[in-house]
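Peer 1: here is my input, please return the structure:
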Amino acid sequence: MIILTRVDHRLLHGQVAFSWTQSLGADCILIANDDVPTNDLRKTTIKLAKPQGVKLVIKNIEDSINAINSGVTDKYKLFIVVESIKDAFNLAKNCPNIKEINLGGTKATNGTQNISKSVNITMAEIEIIKELDKLGVNVEIRMVPGEKAIRAVSILKNIN
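Peer 2: Got it, this is the predicted structure:
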């Protein structure tokens, strides 16, 4: 069962590994990312951040979609972490079980607008979030579990 899908450009780090995993009661973390499975340095760093007693799976986006849809992840309280809004969209579009996406941290770069303390998005990502909303996926902004969740589409109404 998928508990939550989170967008965090840092992927697995202390806040995700401990605060979110404990709060959600997750027993498995899926890192869905096309770079990490082939990047030994990133893979090792992520493995070091894994909380004790929680299974960690690292797969590319396509393999993640296949695993989720095959049912092999159903036995877990699954917490999915992706690096980008685009990756979250690809998962949600192809995995009907994904009903909620948490925006926790996206990098500020040229062409992004800051919409919360830690979320910066491009115009293309605004369109993706609107599309997710049309698909019935709730996209929320919340950095830590104790914060009040804010629906992303409510903030986007104020952005041109």
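Peer 1: quick check: closest non-adjacent residue to residue 84.
Peer 2: With sequence-adjacent residues excluded and distances taken as CB to CB, 6 or more residues apart in numbering, residue 84 is closest to residue 7, at 6.5 Å. C-betas here are computed from N, CA, C, even on glycine.
Peer 1: which SSE is that neighbour in?
Peer 2: strand 2-8 (DSSP states H and E).
Peer 1: what of residue 50?
Peer 2: Residue 50 belongs to no helix or strand, assigned by DSSP H and E.
Peer 1: for it, grab phi and psi.
Peer 2: Reported as degrees, to the nearest 10, the phi and psi values for residue 50 are phi -60, psi 130.
Peer 1: next SSE after the lowest-mean-pLDDT helix or strand in the chain?
Peer 2: None of the helices or strands of the chain scores lower by mean pLDDT, DSSP states H and E than helix 14, at a mean of 80. Downstream of helix 14, the next assigned helix or strand under DSSP H and E is helix 21-24.
Peer 1: now that following helix: buried residues?
Peer 2: 21, 24 (16 or more other CB atoms under 10 Å).
Peer 1: which residues sit against the next helix or strand after it?
Peer 2: Sequence-wise, the next helix or strand downstream of helix 21-24 (DSSP H and E) is strand 28-32. Here strand 28-32 makes contact (CB atoms under 8 Å, 6 or more residues apart in numbering) with 11-12, 16-17, 21, 46, 50, 54-61, 64, 67, 73, 76-82, 87, 91.
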